[in-house]
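Chemist: quick one, structure for this:
(chains A and B)
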Amino acid sequence: MHSTPKTDPWRPARWLSFGLAALAVALLLGWVIAHFPKAPIGPRYVGAGHPSPQSGGTLVFSAGSNIHTLDPHFAYDTLSTAACRLLYDGLLDYDYDGNMIPSLAAELPTVSDAGRAFRFELRHGIKFHNGREITAHDISWSLHRLLSKSTGSPGYPFYKSIVGAPAYHRGEAKRIEGIRVVDDKTIEFQLDEADQTFLNALAMPFAYPLPKEHVEELEAAEGLDAVGRHPIGAGPFAFSRWERGVQVEFRRFEDYWAPRARVDRMVFLENISPDVASARFRNGDLDVIHRPSKVNRLFMRESKAWAPYRAEVPSPSVYAIGLNCELPPFDNVHVRRAVAFAIDRSKLERLNPGEVLAAGQVLPPMLAPHDPELPTRQRFDLQRAKKEMRLAGFPDGLSEPITLWVRGEGDVRGAQLFQQDLKEIGIEIDLKMVSFATYLKETGKPRVAQAAFTGWHQDFPDPSNFMDILFHSRSIHPVNSENRSFYRNPKLDAILDAARAEVDREKRLALYAEANAILADDAPWAFLSYAVDMFAWQPYVKGFQPHPVWLNEYRNVWLDLPRKRVGQGIYEGGAGL
Amino acid sequence: MDSRAFRRFRRNKGALVGLFLVIFVTALGLLGPWLAPYDPVEQFTDRLLLANGLPAGPGVEPGHWLGGDILARDELSRLLSGARVSMLVAYLATALAVLIGVALGLLSGYVGGRTDTYLMRLVDVVLSMPFLLIAIVMQRVFDAPGIWTICIVLGVLSWTTLARVTRAKTMEARELDYIQAARALGLRHFRILARHVLPNVVGPIIAIATIMVARMIIAESALSFLNLGVRPPTASWGSMLNESQSLLLGLPRLTVYPALLISMAVFGFNLFGEGLRDAFDPKD
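Modeler: Predicted coordinates:
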């Protein structure tokens, strides 16, 4: 490039000003770089050092998406449940070992009639947040609300073994026969047949009582979903306010029946992505974190300073690719098996070490009768997968690509991991990304989604909560099917029905073991992984421990305030390119 | 380009830098997939993953010059094959916009009257629509994210400036003596437009279109970043940004590579376009 002759003469002032400007820019840049915020490598704050629980303070925690509702009769997702756990109490609850304990009930129920009748005595002095004492009538009224057709709660299937519940649900009866209020403090339940999960169902948020007068007034004024916006329960925290999509605030309920909560206020932030939540947590702006982002999780795991303040626990959940057994090619069991054998799950483990475990059966490892040596367990075996494709009549693979429904970016990443594996047996995958709401609606309809990323997190620790709900033919409906692979197997149905009623624990587990083997072999789901959860909390947050049933259980936490800032010398530099 | 314009352009150093960058990224787009050392969707889970599950960095594995991406695929290969997608979308969408914009602009300016009024109101309507929002809605409506859909969506939404400029230039040209003469001689309208009006319009169009390529690169990246762009596992620079964001804090390099390429391309097309505009239209 040749330059044209300079027309400008040498002008020192101009060069000087240019030099000064350049210097100023360089200085500014240097200042910014020098002061660029660096992530602290240890906790920023520590507690005051009180040995015994203190009252006061605000606990702030967050979640990655919206809270759907605060109405327990509709709370069927982990976030709504987490919020409802602060606001409500039920007859029964679980302790930190997963054992069932009485809550509003004075003690565990007396059982009679070969496991078909339950009698509960309520505690005295239990109050709703509006100050009114809770009676057996409230328990009964709330269950009637839950199970009525007009409410349309997703919780109905858990309670249909109560005598008269199906008739009431269909609108053929005015009340449920099997729920009987004996007196103000006594209530009895009568079941059609023995149901070993009935008490688990009563411990679910669905069965949390609401005050009738409050609900009726609200629903008359603002409609059915109003309760979800202005909740009144009997839990350790009362509702303060909800800025929809931003945060819910709770305040301690002073008239709580059990020892009062220690924390004054709880703030539950919504829609904070894992990255942002992790950064805020490390900065001391969040008190507890659940599922930090990948990089932060690695950091927390390796950091010595954080070691006493974090926990990794296997999550009672399973992730899988659901295969629609009504739609070709997955109406053919050999194609389903081929998919199950073609997936190299070790890639997931290598990509997310310590975060996931390879899954080959529906039950997660901590839930009996999970069997690591299950003969029919799904595992990576390419030869076997190819053989199954031949048996299915597709030795050269499928001519059409499969449409796989995914719910978000995490799914997209996971799906890409397996696109390559399935290509090996001649199955091409097209991803269809939809919002979670659309996903739930559409995959719950028959003959819509050919295959979908799917998963299940247990509601209560019992194998029926996985198998009955996900694979029993009774869970198939024209809309909102829980059995989203539309798998029907009379033999499995019979085993599950027998297991549901079986009183003897050993026999019951043997039946579920049989069902577990069938499901792995029939492959309505190609199982992918079990998750391992990570929780971390600030050093001044005391009394937190992961709960085996409730995913985010913060009601017993106390804060060791005032918190003290730790010195500045613990910062790490940025990572290099 | 006449020789005076060419000389003006050559004297503009910024424009030359722009030209160089444009040639560079275009060459990447053309040759990228052939230069890529590996299949961009192949996962090297045994080679490109560290024990902690993060991808290996540059130079850790011989042959993988830029290391692995979040799913242990060869980063360099993905950047190179992503270049093809990003450049293809940008050029095709621009071409579509030019086609629509110039055609409607010529029509509007040459015919005038009611046609002109209606077309210009249409331009106002399209201009008043928030670009990205409409693009997102259209992508959702088509429900088939893919290169061709993006090209069409982007092209259909961005012809307006071109139409306006073409119209103005056409109206100017329409009154020129030799065009009046051509009309008087009874030449067909199409011939007049093609032979006599279009050459008057083409200079500014090229300048605007060049700058538009830059905008298209950004738009495609934005759509892909929002997961509304190309289908995984296909790489584009925007989708690579999206994929790497969850590792931004720990592995900024995965974000920096595609971001750098996007900036380079956009910067280049802008400089080049500005240079062309100055060259064609020295009055500015």
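Chemist: in chain A, what residue comes closest to chain B?
Modeler: Closest approach of chain A to chain B (Cβ to the nearest Cβ) occurs at A:Val295, with a separation of 3.3 Å. (Each C-beta comes from the backbone N, C-alpha and C, glycine too.)
Chemist: count the neighbours of that residue for me.
Modeler: When neighbours are defined as other Cβ atoms under 10 Å in any protein chain shown, A:Val295 has 20 of them.
Chemist: distance of it relative to A:Leu367?
Modeler: Between A:Val295 and A:Leu367 the computed distance is 31 Å (Cβ to Cβ, to the nearest Å).
Chemist: in stretch B:48-67, what counts as buried?
Modeler: Across stretch B:48-67, burial judged by 16 or more other Cβ atoms under 10 Å in any protein chain shown covers B:Leu48, B:Leu49, B:Leu50, B:Asn52, B:Gly53, B:Leu54, B:Pro55, B:Ala56, B:Gly57, B:His64, B:Leu66, B:Gly67.
Chemist: meant to ask about stretch A:294-303, not that
Modeler: By neighbour count on 16+ other Cβ under 10 Å, the buried set for stretch A:294-303 is A:Lys294, A:Val295, A:Asn296, A:Arg297, A:Leu298, A:Phe299, A:Met300, A:Arg301, A:Ser303.
Chemist: low pLDDT regions in the chain?
Modeler: Using chain A. A:1-15, A:33-40, A:567-577 (pLDDT under 70).
Chemist: ah, no, chain B please
Modeler: Checking chain B against pLDDT under 70 turns up B:1-2, B:143-145, B:282-284.
Chemist: which bits of it sit near chain A?
Modeler: For chain B, the residues in contact with chain A (Cβ under 8 Å from any Cβ of the partner chain) are B:11, B:13, B:16, B:41-43, B:45-46, B:49, B:51-54, B:58, B:70-72, B:227, B:231-233, B:242-243, B:245-253, B:256.
Chemist: are any of the residues you listed buried, and which?
Modeler: The buried subset of the residues of chain B next to chain A - by 16+ other Cβ under 10 Å - is B:16, B:41, B:43, B:45, B:49, B:52-54, B:70-72, B:227, B:231-233, B:242-243, B:245-247, B:249-253.
Chemist: keep only those of these that are in helices.
Modeler: Secondary structure from DSSP state H places B:Leu16, B:Asn242, B:Glu243, B:Pro252, B:Arg253 of these in helices.
Chemist: so who does the nearest residue to the third one once chain neighbours are set aside touch?
Modeler: With Cβ to Cβ, 6 or more residues apart in numbering or on different chains as the measure, B:Ile70 is the residue that lies nearest to B:Glu243, at 5.3 Å, once sequence neighbours are left out. For B:Ile70, the residues meeting the contact criterion (Cβ atoms under 8 Å, 6 or more residues apart in numbering or on different chains) are A:Arg413, B:Pro55, B:Glu243, B:Ser244, B:Ser246, B:Leu247, B:Leu254.
Chemist: of the residues you listed, which is the nearest to A:Met534?
Modeler: Nearest to A:Met534 among these, counting by Cβ to Cβ, is B:Ser246 at 15.1 Å.
Chemist: distance check, that closest one against A:Asp462.
Modeler: B:Ser246 sits 35 Å away from A:Asp462, going by Cβ to Cβ.
Chemist: again with A:Asp183
Modeler: Remark: distance between A:Asp183 and A:Asp462 (Cβ to Cβ) = 31 Å.
Chemist: and if you look at A:Arg377?
Modeler: Taken as Cβ to Cβ, the span from A:Arg377 to A:Asp462 is 21 Å.
Chemist: distance of whichever residue of chain B sits closest to chain A relative to A:Asp411?
Modeler: Nearest residue of chain B to chain A: B:Gly250, at 3.3 Å (Cβ to the nearest Cβ). According to Cβ to Cβ, B:Gly250 and A:Asp411 sit 22 Å apart.
Chemist: A:Lys432 too?
Modeler: Noted for A:Lys432: a distance of 11 Å to A:Asp411, by Cβ to Cβ.
Chemist: apart from its chain neighbours, what residue comes closest to residue 46?
Modeler: No chain specified, so I'll use chain A. A:Pro539 (4.5 Å).
Chemist: try chain B instead
Modeler: Distances taken as Cβ to Cβ, 6+ apart place A:Arg350 nearest to B:Asp46, at 8.0 Å, with adjacent residues excluded.
Chemist: what is the helix or strand where that neighbour lies packed up against?
Modeler: According to DSSP states H and E, A:Arg350 maps onto helix A:346-351. Packing partners of helix A:346-351 (3 or more Cβ pairs under 8 Å, 6 or more residues apart in numbering or on different chains; DSSP states H and E): strand A:356-358, helix A:409-424, strand A:525-537.
Chemist: what comes up buried for the lengthiest helix in chain B?
Modeler: When chain B is parsed with DSSP H, its longest helix is helix B:75-111. Using 16+ other Cβ under 10 Å as the test for burial, helix B:75-111 gives B:75-98, B:100-102, B:104-110.
Chemist: before I go, just wanted to say thanks for your time.
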